[in-house]
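Peer 1: Sharing a sequence plus its predicted fold:
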Amino acid sequence: MIDPIRLELIKNALVMVSDNMMVSVLRTSRSTLIKSNMDFSASILDGDGNMVAQGLALPAHLGATMPALQGCLDYFGDDIGPGDILANNDPYAGGSHLNDIFMFKPVYRDGKRVCFLGLILHHTDLGGRVAGGQAADSDEIFQEGLRIPPIKLYMGGELNETMWRLIEKNVRIPIQVLGDMRAQLSACTIAENQFLELVGRFGLETTRFYMGEVIDHTERLARAAIRKLPDGEFTFEDWIDDDGIDRDRSIRLFCKIIKHDDAIRVDWAGSSDQVKGAINCTLSFTKAVSYAAIRSVLDFDIPCNEGLFRAIDVTAPPGTVTNMVLPAACAARGLTGFRMGDCAFGALAMMLPGEVGAASDGGNSGLSVGGYDSARRPFIFVDFACGSWGGRPWADGVQGNSNMFANMASQSVELIESQNPLQILRYELIADRAGAGKYRGGVPYRRDYRFLEDEAVLQVRSDRKKIRPYGLYGGKPGKSSQNVMNPDGNAERLDSKLTMTLRKGDVFRHELPGGGGWGDPLERDPQKVLEDVRNEYVTPEGALNEYGVIIDLQALSVDKQATCDLRNSLREARGDTPMADISWSDV
């Protein structure tokens, strides 16, 4: 008989152990990418590799540890024992992209394997042709860095020194990379002790039983929540600007959500074939993003584990940008994955128009600067920028916040400047860039980076320069992203994806796209428009042109009568033409 109180205690204890793994990594890691951006996740899986609990981490990593562990289980089979620590970063063996190293520690009690402790951590550099490993213009996996198939970093408690030396000699900044790997190891060791305390309290068989019940109970909760959603097929398409190589070719993403009774399917058939550039996705990452999208419209208290995934079927044809095959490159696959999130939200908006918002900024822009200082010491700066959600049916899109699929923090200016040959000249929100709507999109920001060393390679993977974040149900799209070299001098506008040389004194500017708007801008409360003007999210000219609101600049107040007259004339000029459900342009 199941004791509901014991079930709740064990479920929460497992999540706590996962969260403590996260804390351990934060306290012991070496790179700012981990300490500040927090690009990593932790989970507990049962002895067969089914995820039971996941720490508070990246939604885009949801369930990602299972395929990577399965790759290890497929290779090693029964050759796994106490004291082993497994690792894998191979996208073609369950991994995601090369910078993400998965590490797994099997935990045993009385000779029985009770669980695996799993950590996925984005390492600053894994070798390859471009420092930081995010270049979109790599055209095959073999250019991207060190590919680690399922291996043992420790065997029976003994360090695999050959593998550690191999990694050390193939990365540009081994102190950071090996330091972060040791942070993974220490977190697994601490979590093992905490997990075994749990087993000591409840007993081996009771713990194993309730781990299975946590998964089964989650499946029941998920299916009950899915049953409440409307049945039917809901589709959406969106486009990525290009792959960084074929500049004139946009890349189609097509999502079909099929919901029947207590099951839901997310199908990516119809998306573009895999591309030359390194923005292709593994099926595991496509699944993770799809799980996160569906999870966001279900009841908030449903746990994230294998039980949730059982109710969500994700399919994508092999050889497409959503399910790549060899030798496709995938270093910048995050760009496509986050854009798939917006595409899945578009399909969900067709299912639930009153519950899902417009497009976000499209995920995180990735930027890296790598080179050598005058003493030939290597430096690598890696940053991920995101910050504007789409307008929602009940509220504006938020700004200055992580993308929903990323849950990553922004690196502080002080840390960037103290640890890298860079100076941050601007870090500010940009007026008149959010998509207008009854509920406007989130306001994007810009950052200006001045380079202080003699030479380095700048790599940027961004998007939404050509195809803007869509608005919904009358809302306007967000303004496009921008990359500009030396904006205050001889300004040069750059492509959304680039790899180029930086010289001393060069200033690179990246502007995020704005979030899409939701609903008719002429229905926005004029007082909210005034508030946006006061906060410098919207200029007085933007208030007039986008919202039909006239601001008295001397009194800094709304001219109510003039605004009413202007809006009436704008509605009359628009006539009976219905507002578009989806808009990618202002026309």
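Peer 2: It's in.

Peer 1: Every contact and neighbour count from this point should use C-alpha atoms.
Peer 2: Noted.

Peer 1: Taking the centroid of the chain, which residue is nearest it?
Peer 2: A406 (3.3 Å; C-alpha atoms, centre = their mean).

Peer 1: wait, what's in contact with the nearest residue to that one once chain neighbours are set aside?
Peer 2: Once flanking residues are discounted, A406 sits nearest to L58: 5.2 Å by C-alpha to C-alpha, 6 or more residues apart in numbering. By C-alpha atoms under 8 Å, 6 or more residues apart in numbering, the residues touching L58 are 39-41, 405-408.

Peer 1: Of the residues you listed, which is the most crowded?
Peer 2: S41 (27 neighbours; other C-alpha atoms under 10 Å).

Peer 1: wouldn't that residue be in contact with A57 here?
Peer 2: Yes: S41 is in contact with A57 according to C-alpha atoms under 8 Å; the separation is 5.1 Å.

Peer 1: picking that back up, return the distance of the residue nearest to A406 relative to M1.
Peer 2: 35 Å (C-alpha to C-alpha, to the nearest Å).

Peer 1: for R147, helix, strand, or coil?
Peer 2: coil (DSSP: H, G, I helix; E, B strand; the rest coil).

Peer 1: you'd agree it is up against D90?
Peer 2: Yes: applying C-alpha under 8 Å, one finds R147 in contact with D90, separated by 5.7 Å.

Peer 1: who touches both of these two?
Peer 2: L98.

Peer 1: Any regions of the protein where pLDDT drops low?
Peer 2: 587 (pLDDT under 70).

Peer 1: Which SSE is immediately downstream of the helix or strand hosting C343?
Peer 2: Secondary structure here is read from DSSP states H and E; on that basis C343 sits in helix 333-351. Using DSSP H and E, the helix or strand that directly follows helix 333-351 along the chain is strand 365-372.

Peer 1: E158 bridge partners, please.
Peer 2: On the basis of DSSP bridges, E158 is bridged to M155.

Peer 1: Please enumerate the helices of the stretch 1-150 of the chain.
Peer 2: 4-28, 32-35, 65-76 (DSSP state H, counting those that start in this stretch).

Peer 1: what about the helices in the stretch 451-587 of the chain?
Peer 2: Counting by DSSP H, counting those that start in this stretch, the helices of the stretch 451-587 of the chain are 526-534, 540-547, 560-574.

Peer 1: Let me have those in a markdown table, extended by mean neighbour count and distance to Y439.
Peer 2: A markdown table is the format used below for these (neighbours: other C-alpha atoms under 10 Å; distance: least, C-alpha to C-alpha, whole Å):
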| stretch | mean neighbour count | distance to Y439 |
| --- | --- | --- |
| helix 526-534 | 18 | 9 |
| helix 540-547 | 18 | 11 |
| helix 560-574 | 14 | 17 |
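
Peer 1: Can you convert the ones you listed into TSV and add a column each for distance to T162?
Peer 2: Formatted as TSV, those follow (distance: least, C-alpha to C-alpha, whole Å):
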stretch	distance to T162
helix 526-534	59
helix 540-547	61
helix 560-574	71
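
Peer 1: quick one, which of those is nearest to M21?
Peer 2: helix 526-534 (40.8 Å; C-alpha to C-alpha).

Peer 1: elements contacting the closest one?
Peer 2: Applying 3 or more C-alpha pairs under 8 Å, 6 or more residues apart in numbering; DSSP states H and E, one finds that helix 526-534 contacts helix 540-547, strand 557-558.

Peer 1: That one to helix 560-574, inter-axis angle?
Peer 2: Angle of helix 526-534 versus helix 560-574, following axes from the mean of the first three to the mean of the last three C-alpha atoms, to 10 degrees, is 100 degrees.

Peer 1: And helix 526-534, how far out from the chain middle?
Peer 2: 31 Å (C-alpha atoms, centre = their mean, to the nearest Å).

Peer 1: Not counting its own residues, what contacts that helix?
Peer 2: 538-540, 543, 547, 549, 551, 556-558.

Peer 1: Of the residues you listed, which is the most crowded?
Peer 2: Going by other C-alpha under 10 Å, V549 tops those with 28 neighbours.

Peer 1: Show me what L429 is bridged to.
Peer 2: Note on L429: beta-bridge partners Y445, judged by DSSP bridges.

Peer 1: how about the strands of the stretch 251-400 of the chain, start to end?
Peer 2: Applying DSSP state E, counting those that start in this stretch to the stretch 251-400 of the chain gives strands spanning 251-260, 263-267, 312-315, 365-372, 378-385.

Peer 1: Ok, the stretch 51-200 of the chain next?
Peer 2: Using DSSP E, counting those that start in this stretch, the strands of the stretch 51-200 of the chain run over 51-54, 85-88, 100-109, 112-122, 151-155, 158-159.

Peer 1: Tell me which of those sits most buried.
Peer 2: strand 51-54 (a mean of 28; mean count of other C-alpha atoms under 10 Å).

Peer 1: Direction included, what does it pair against?
Peer 2: strand 40-46 (antiparallel).

Peer 1: how's this structure carved up into domains?
Peer 2: 4-220, 526-583 (automatic domain parsing).

Peer 1: what's the spacing between the shortest one and its chain's center?
Peer 2: Going by C-alpha atoms, centre = their mean, the spacing between the C-alpha centre of domain 526-583 and its chain's C-alpha centre is 34 Å.
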